[in-house]
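Student: Have a look; sequence and predicted model below, questions after that.
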Amino acid sequence: MAKNNESDLYGTTFSIESMKVIAESIGIANLPDDASKELADDISFRLKHIIQDAAKFMNHSLRTKLMYTDIDATLRVKNIEPQYGFHSVDSLPFRFASGGGRELHFIEEKEVDLNEFVNNVNVKAPLEVTLRSHWLCIDGVQPTIPENPPPVSKEMQKLESVDPINKMNKPNKESSGKPSTGKQKLRNVETVQIKQLATHELSVEQQLYYKEITEACVGSDETRRTEALQSLASDPGLHEMLPRMCTFIIEGVRVNVVQNNLALLIYLMRMVKALLDNQSLFLEKYLHELIPSVTTCIVSKQLCMRPELDNHWALRDFASRLMAQICKNFNTSTNNIQTRVTRMFSNSLQQGDKLPLSSLYGALEGLSELGPEVIKTFILPRIKAIGARIETHLEGSLTSNLDKTASGHIKALLVKVLAPILKNIRNPPDYFEEYKADYGYLGPALQSAVMKARTQPTPAITPSNTSIAPVGATISRTVTAPMGIVQQTTSTPGRTIVMNQAGRVTTPTGNQKIVFVTQRSQPQGSIHQSQSSVQSQQNTVVKIMSNANAQSQQQKVVGTPQKLVVVCMPNTGTTNSAVINTQGQTTIPQSSTSQATNLISPGLNHNTNQPPFSVVPKPNFIQQTQKVKQDNVQPPSIDDLSHLA
Amino acid sequence: MSIHTINHDKSQLFAVLQVLKKYNLKGTEELLKKEANIAVDIDDDKIQQDSDVSSVLTGYKSDGDPETYENSYLELKQFVEGSLDIYKHELGMILYPVLVHMYLELVYNWHTEKAIALMKKFGPEQDSYYQDDLKKLAHVTKRDHMNGNELTDTFKSNQFIIRMSRDTLSLLKRHLHDKKESVLLNIIQEHLYFDMYEGVARNKNQIDATSGAVVGEATRQDNKTKVYYGIPKVPDIQTLAAPVEDEEEGTEDAPDKPKKKKAKKDPLFSKKTKSDPNAPPVDRIPIPDLKDNDKVEKVKAFREASKRVTLGPETLPSVCAYTLLNANHTVTCAEVTEDSSMLAVGFSDSIVKVWTLVPQKLKAMKSAEQLQDISTDAEDVLVRMMDERSGETSRSLFGHNGTVYSVSFSPDRTLLLSCSEDASIRLWSLQIWTCLVVYKGHMFPIWDIKFSPLGYYFATASHDRTARLWATDHYQPLRVFAGHFSDVDCIQFHPNSNYVATGSSDRRVCLWDCTTGNHVRIMTGHKSPIHTLAFSICGRFLASAGSDCKILIWDLAHGHLVAELSGHEKSIHSLIFSRCGNLLASSSLDCTLKLWDFTKLAEDTNSEDVNISHNPDVKTGDSYMLRSFATKASPIIALHFTRRNLLLAINMYDGVNV
């Protein structure tokens, strides 16, 4: 009773002012107040009456939205001339304007150029109504096909994750519509049945599906992989398998990071991407597992067997974009994902010189994908320090070629992401000296990039691009060179490739001129235009380095304890972050001895197949690990990746 | 006007006479005078009676002090609230009609301010299902507004029916006698009708179950007529089936097959031979003889039926959904033929479109010259007269001049009926694909049309508050079913074709007898307009549903409300019983399809002892719902069970509101 209040009962009526305005519009000035009142009341009544009747026409047209046709039909029934000339496909938005203390709601009317209208012969014909059939349910069970809505809605999945009791209360009336047998009912009546909170029993079909999908995703057949990823990205009924899928990805990343299996890591990240794209999945429950894996692929010290050759940069870029997508989709005021991710990356930047260059690149790339504000706050202040660090690698002749490559990538990245920001925050006269003073080593490069950006009206480059290009596209075959030429510089004119083992401290080679060419692939279609310009610039940079010793700098220990769990590889004994756990609250104290070991025996001893430290032996994943191992016997060479493009 | 008029006193007759005089209708005046034995010439007191005319005819003239209305309503309310709990709810039923009539009386006598104050004070506390009507009434604030207003006219010219137990009624009468409130007494005398019954007063739930209609509940008298709700045995089929069967057997090659079939089919026929005591006599309504073609068809249907799956809670049907794409808000209705071979869809742009759902294409008949070449004696004359090359998967029928609100196939699938906003009915041929007849008779948009399950007859429901029965070979309607106080929104034939059920915006479901044109059942309980009706396979139950999102099941034997099934969230537009009668399927604009266990419901109902005066308890709750299936942003607009109990759902994809 008494659900409605009185204002609902009487609603609104036309104001006297509206009547006067309408009267003015047809040339009757100074309509008396009482006449306006009379008119307003009468018109309000008649309009309400018409709308009441129009609701009947709406109902019979199987709609819940009143449309102009309903009003027309009502007018016809009442023997009133209908309002011609009104037609709208969608709802009419009222525009609002105010000024001089008066408020006005009006419908925007566009001016139509009649000439254009008449001459336009190619009028768009409406699409023909077509009929399409599908199974809504088969013997009482709704098949999970794209035509049907997801069996458990996102809200429902959310509710289940937040309040699992809710699911237990109504076990039999599930919308997924599994046939309930009489036996089950009996058991419910007779005994108290305590259900496991998460009963994710997979049917045989689902198990088969899981097997097929996971095999296809990490297998060598690219067409099958595309299909599998397509299925992951669009199938509505995957929520029951989601925990399994996530575990598969996580374990896969763990194992393959240790084994430096770049290709598999890329495949796994593509799976993450597909799951993120699936509209029907409530992924929030699994973010605490997925984020560390993705982070690993961004900042891990080493991701591939041959860091000099393999394009692990592309994986870092791709994973960074994934991370940005996660932040964008799932950030709420309670979980603060974006803040935590940002803090994680910026904290790792604070590690200073003991952070490996590859990880530095990852952290920078991860930050730069999070948007210009993040870049401005977290990267820009450090640019001098970073510049100084890479300068030692790029300009110094004593550093390893590997470090040089990494530094080149970092430089290219920084120039790419900083140029559009600097363009906005600095005023036009770009003086070389100012840049040099403000940004140190990177100043000149930035200056030229900003100048370039100012001259050409480039499409706005958003570092946090939403469209993630498949990672395969950014990987192209790098120039092959025999592995044996480690620590050897060849000074052929043109393209000289300098290679080195990861982390190995190079022996000073004296005042030698080293021509350095970045191995960053030439961008393909889906990469931004701007990148290419920056890169072409980068590719032509020829640095002549003089002797520089980086050893002393590298031994610096940052005293501030990190709020990160830095998970290290077995045998490496380094703190150079491999996996950064977002949830970490404990700190591993860093000792200078470990630093020493780092210098002496840089972590390249990954030839053991020992699983990573934290793998909890789970029987159901042993098989999976073995499979990955099998894959590892014949690791897909980097050449395989070329077909990903 | 109303059949319940009690005060048949002279003043009314005088008033009528005056009106007749005014319009100079001498003949009628003489006749009426003669019949009523009034010799007096009323010329003398013409002036004095002039005001009486409007008073009697409108019933709202009152010289009561406008100040007293609020107090008398308040007193009545206090009396209701202060009475014993067992009577309280029954007494409470008079509050709403009293408020409405007080309001109208105040408005009529130009006390607008008082009227609005009264409505604002007491309107919101009425039962939620009256709020819609109160809102409509609240818009009426002047005497002029009452002219031609559907709702006020209904209240003015009809008495609001309230069912009350003897004890409650005597309590009320005593109170009124003690108080002597003239305003209240007048309203109760003039506008309320008490349908008294012996027995215990009802509780709130029982009252709520059956109230909600515009003019109150149905009287018991309304539902006393016997209804032949059974399905008559079909002698012609039984006798005919065998010879036709033999013929067919002769054509078939396998000699052992027919025997098997016969054995299987015999029980099917014998079941029908047991005559139903509630079935109407076969010749109660005239039905044209079956054509040879129809007989063949019937046999085919029986054969299909023998392969039917019997559905139940453990064996649920499969649902095949046909989605209409690119049809945002333009589809208004859809129907599938009995044999599930064709689908007709009506559009808001006046088009009717027919699709074939089977591999056989929609063929047109050959031209007249070509038809002359075909020998009429040929076995396959029906096949040969169709032009093989004209086959198409869909065909459009143009002719209407307004939104097509309903379509209906004839049982033999050669004809299609459609009705439209342009107030016309069109009969289309599905052999030559043109319009054959335009039936005109309705004055306003026609909301629904249905072919009789036996063919030949059809019925329509219209905005002009009537339903009409037609035959395909008559230009004029055979019967006009008048009695609803608002739009007749939906119509449905009883499986035995002797009755027609209508659902209306006055929130009543009526059952009409086709032979007499009278209403034989009036059922109240819906709280909103009714959009769809379905008869159970046995013919005894009627399911109805509409904007109030509830499915109500009625027992036609006595017109009782049996069950109230709720679960949908938006208005329900389609109901259907499975061919075996065990399941009820419903679909609504909330994009879901729900299956209900009708067997269980019928069993529960039968176990109760029910007679005319004793209302059974209304069953509610989730226990009858078996499943709910959602579609993807596609409201289901029509449902159909195939002969083998496969459920077809026609839905339209709503791309705009995704």
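Tutor: Received, thanks.

Student: Tell me where the longest strand sits in chain A.
Tutor: Ranked by residue count, the top strand of chain A under DSSP state E comes out as strand A:130-137.

Student: And the contacts of that strand?
Tutor: Strand A:130-137 has contacts (Cβ atoms under 8 Å, 6 or more residues apart in numbering or on different chains) with A:142-143, A:145, A:147-148, A:177, B:316-326, B:343, B:355, B:394, B:593, B:627, B:629, B:631, B:649. The way it works is simple: take the backbone N, C-alpha and C, and place the C-beta from them, glycine included.

Student: How about stretch B:109-118?
Tutor: Under Cβ under 8 Å, 6+ apart, the answer for stretch B:109-118 is A:10, B:60-62, B:66-67, B:69-70, B:73, B:99, B:102-103, B:106-107, B:138, B:141-143.

Student: Surely B:Phe409 is in contact with B:Ser418?
Tutor: No: with contact defined as Cβ atoms under 8 Å, B:Phe409 does not count as touching B:Ser418 (10.4 Å).

Student: before we move on, back to that, just the buried ones from the contacts of strand A:130-137?
Tutor: A:142, A:147-148, A:177, B:316-324, B:343, B:355, B:394, B:593, B:627, B:629, B:631, B:649 (16 or more other Cβ atoms under 10 Å in any protein chain shown).

Student: Heading C-terminal from the helix or strand where A:Glu17 lies, find the next helix or strand.
Tutor: Element membership for A:Glu17 (DSSP states H and E) is helix A:16-25. Using DSSP H and E, the next helix or strand after helix A:16-25 towards the C-terminus is helix A:33-60.

Student: Could I get the buried residue list for that following helix?
Tutor: Of the residues in helix A:33-60, those buried (16+ other Cβ under 10 Å) are A:36, A:39-42, A:44-45, A:48-50, A:52-60.

Student: ok, and the closest non-adjacent residue to the closest residue to chain A within chain B?
Tutor: Residue nearest to chain A within chain B (Cβ to the nearest Cβ): B:Leu316, separated by 2.8 Å. Ranked by Cβ to Cβ, 6 or more residues apart in numbering or on different chains and with sequence neighbours excluded, the top spatial neighbour of B:Leu316 is A:Gly140, at 2.8 Å.

Student: ok, now how distant is the one you found from B:Leu626?
Tutor: Taking Cβ to Cβ, to the nearest Å as the measure, A:Gly140 falls 8 Å from B:Leu626.

Student: Do you know the pLDDT at residue 471?
Tutor: Unless you meant another one, I'm taking chain A. For A:Val471, the pLDDT comes out at 42.

Student: That was the other one, I meant chain B.
Tutor: So, for B:Ala471, pLDDT stands at 93.

Student: and stretch A:330-348, C-alpha only, in PDB?
Tutor: Listed next in PDB are the C-alpha coordinates belonging to stretch A:330-348 (Å, rounded to 0.1, in the frame of the first residue of the first chain):
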ATOM      1  CA  PHE A 330      39.200  -3.500 -13.300                       C
ATOM      2  CA  ASN A 331      40.400  -0.500 -11.400                       C
ATOM      3  CA  THR A 332      38.000   0.400  -8.600                       C
ATOM      4  CA  SER A 333      38.300   2.600  -5.600                       C
ATOM      5  CA  THR A 334      38.600  -0.500  -3.400                       C
ATOM      6  CA  ASN A 335      41.200  -2.600  -5.200                       C
ATOM      7  CA  ASN A 336      43.300   0.300  -6.400                       C
ATOM      8  CA  ILE A 337      44.900  -1.800  -9.000                       C
ATOM      9  CA  GLN A 338      46.200   1.100 -11.000                       C
ATOM     10  CA  THR A 339      47.800   2.700  -8.000                       C
ATOM     11  CA  ARG A 340      49.400  -0.600  -6.900                       C
ATOM     12  CA  VAL A 341      50.700  -1.400 -10.300                       C
ATOM     13  CA  THR A 342      52.100   2.100 -10.700                       C
ATOM     14  CA  ARG A 343      53.700   1.900  -7.300                       C
ATOM     15  CA  MET A 344      55.200  -1.500  -8.100                       C
ATOM     16  CA  PHE A 345      56.800  -0.200 -11.300                       C
ATOM     17  CA  SER A 346      58.000   3.100  -9.800                       C
ATOM     18  CA  ASN A 347      59.400   1.300  -6.800                       C
ATOM     19  CA  SER A 348      61.500  -0.900  -9.100                       C
END
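
Student: The stretch 501-650 of chain B: helices as residue ranges?
Tutor: Applying DSSP state H, counting those that start in this stretch to the stretch 501-650 of chain B gives helices spanning B:598-606.

Student: Tally up the residues packed near the residue nearest to B:Leu316, please.
Tutor: By other Cβ atoms under 10 Å in any protein chain shown, 21 other residues sit near A:Gly140.

Student: Can you name the residues of the stretch 351-500 of chain B sitting close to chain A?
Tutor: B:353, B:355, B:394, B:402-403, B:405, B:421, B:444-445, B:447, B:463, B:487, B:489 (Cβ under 8 Å from any Cβ of the partner chain).

Student: on that earlier part again, ok, and of the buried residues of helix A:33-60, which contact chain B?
Tutor: A:41, A:44-45, A:48-49, A:52, A:56-57, A:59-60.

Student: Tell me the one among those residues nearest to A:Ser25.
Tutor: A:Ser44 (18.3 Å; Cβ to Cβ).

Student: which residues sit in contact with that closest one?
Tutor: A:12-14, B:139.
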